[in-house]
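> My questions are about this predicted structure, shown below with the sequence.
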Amino acid sequence: MDMHTVVAGYMVHGGKVLLILHNKLGKWLPPGGHIEKNETPDDAVIREFREEVGIDAELLGRNDVNQTYNIKRQLAVPFYANVHNVGDHDHCCLYYLCRPKGSIKLKMLESEISGARWFSPSEMESAGVPEDVRNIAGLALKAFKKRHPKAQNLLPP
């Protein structure tokens, strides 16, 4: 079976995560998609958020080191990765922790999605969010809280 490398971002704001309703798969998923030619995973995540929901994403989880002569750019580190099946091929997916950079007003721009909304952990199960998506969202919320303990006081969108 073919393997494609893809990215997805769990954007956290106000104790909630942003998910999109994917048309082809009929499931609530984090924004994401295939990495294009000559594109870094960071660039792909940022592009996918702009294309799918019209939001600028700030990637978290950088491990910056002192620049040396050979480092051109330092990239974010995924907080999780897995291989999963999407029907006719597998995805090797790198998951990134994000927060909104600027406006959080959702604009569905991509024809591949039919919905987008912010979910609290308790809202995900009743909305039919797949268990693996809920579990990874839980990891994202814990990682975000660890990095930004004062952010938990923000009001949900």
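Right, received. Where do you want to start?

> Identify each buried residue in stretch 92-101, please.
Across stretch 92-101, burial judged by 16 or more other Cβ atoms under 10 Å covers 93-100. Any C-beta I mention is one placed from the backbone N, CA and C, and that applies to glycine too.

> Likewise for stretch 31-40?
For stretch 31-40, a neighbour-count test (16+ other Cβ under 10 Å) marks 31-33, 35 as buried.

> So which residues make contact with that stretch?
Residues outside stretch 31-40 that contact it (Cβ atoms under 8 Å, 6 or more residues apart in numbering): 4-9, 11, 18, 20, 41, 44-45, 47-49, 51-53, 73, 75, 93.

> Okay, and which of these map to helices?
Mapping the contacts of stretch 31-40 onto helices (DSSP state H) picks out 41, 44-45, 47-49, 51-53.

> The residues you listed into JSON lines, with extra columns for distance to Ile136?
Converted to JSON lines, the ones in helices among the contacts of stretch 31-40 look like this (distance: Cβ to Cβ, whole Å):
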{"residue": "Pro41", "distance to Ile136": "16"}
{"residue": "Ala44", "distance to Ile136": "18"}
{"residue": "Val45", "distance to Ile136": "14"}
{"residue": "Arg47", "distance to Ile136": "21"}
{"residue": "Glu48", "distance to Ile136": "16"}
{"residue": "Phe49", "distance to Ile136": "17"}
{"residue": "Glu51", "distance to Ile136": "21"}
{"residue": "Glu52", "distance to Ile136": "17"}
{"residue": "Val53", "distance to Ile136": "18"}
